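Asker: Structure for the following, please:
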Amino acid sequence: TVSSTLNADQLNRMPTPSRNALNAVTFLPGVNVSSSNRAATVNGLPQSMLNITLDGVSNQDNFNKTTDGFFASVYPRQDAVESVTVTSAVSGANLGGSGAVTIAFTTRSGTNRLTGSAYEFYRRPNLNTNNWINERNGLGKNQTKLDQYGSRVGGPIKIRGLYDGSG
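Answerer: As a prediction, the model looks like this:
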């Protein structure tokens with residue numbers, strides 16, 4: 001199998017334009033993005049050869065997809081994903097479905113410890129640089145302003161009334 005995996009720590013450190021975990025996939029080897037994620041290809045294969053799964057379930061929106069590349073019906077947030085694996089050759093039977101390339105997202109699962117995180121995704125024009133083409137044409141910076149707040153909490157689940165081993 002030829003694959004690349006990003007774990008949760010790597011995903012959260014990626015410089016992505018939004019909290020969409022699909023944006024981080026574009027940094028992996030073999031992924032080619034000409035203009036946007038929807039125009040992405042992997043290893044030069046046609047976009048119809050792409051299969052996106054979330055916890056093993058197909059997340060591909062085949063009805064609206066047409067010829068789009070990274071077009072999923074559910075966009076996983078970076079802090080909800082434990083890992084993402086892009087398999088580009090000789091995938092195993094566990095990745096079934098259609099497509100020569102599989103992008104498999106695995107969401108975080110429970111633990112015996114209470115864990116969590118909070119964030120603010122903050123973008124302002126004064127923090128951005130201008131791109132080369134805008135500089136050459138005498139255009140100003142992108143005026144995007146974005147404030148995205150979020151949090152994640154996880155921990156053990158205790159159900160009352162079940163056998164507790166005391167008798």
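Asker: since we're on residue 59, how many residues are nearby?
Answerer: Neighbour count of residue 59, defined by other Cβ atoms under 10 Å: 20. From N, CA and C alone the C-beta is placed, and that goes for glycine too.
Asker: So it sits against residue 84, correct?
Answerer: No - the criterion here is Cβ atoms under 8 Å, and residue 59 misses it with residue 84 at 11.5 Å.
Asker: Need the residues touching each of these two.
Answerer: residue 105 (Cβ atoms under 8 Å, 6 or more residues apart in numbering).
Asker: Let me see the contact set for residue 24.
Answerer: Residue 24 neighbours (Cβ under 8 Å, 6+ apart): 6, 10-11, 14, 16, 78, 84.
Asker: What's the end-to-end length of stretch 126-137?
Answerer: End-to-end span of stretch 126-137 (Cα to Cα, to the nearest Å): 19 Å.
Asker: what's the distance between that stretch and the middle of its chain?
Answerer: Chain-centre distance of stretch 126-137: 27 Å, with Cα atoms, centre = their mean, to the nearest Å.
Asker: The lowest-mean-pLDDT helix or strand in the chain: what's the following helix or strand?
Answerer: Here the helix or strand of the chain ranked lowest by mean pLDDT, DSSP states H and E is helix 62-65, holding a mean of 59. Per DSSP states H and E, helix 62-65 leads on to strand 81-89 as the next helix or strand towards the C-terminus.
Asker: Just want the angle from the next helix or strand after that following strand to strand 81-89.
Answerer: The helix or strand immediately downstream of strand 81-89 is strand 101-107, counting by DSSP H and E. Computed by axes from the mean of the first three to the mean of the last three Cα atoms, to 10 degrees, the angle separating strand 101-107 from strand 81-89 equals 160 degrees.
Asker: For strand 101-107, give me every contacting residue.
Answerer: Residues beyond strand 101-107 that count as contacts (Cβ under 8 Å, 6+ apart) turn out to be 21-22, 25, 42-43, 45, 49-56, 59, 70, 76, 80-88, 91, 95.
Asker: Now do residue 52 against residue 14, distance only.
Answerer: To residue 14, residue 52 is 18 Å away according to Cβ to Cβ, to the nearest Å.
Asker: Same check on residue 30?
Answerer: Separation of residue 30 from residue 14 (Cβ to Cβ): 17 Å.
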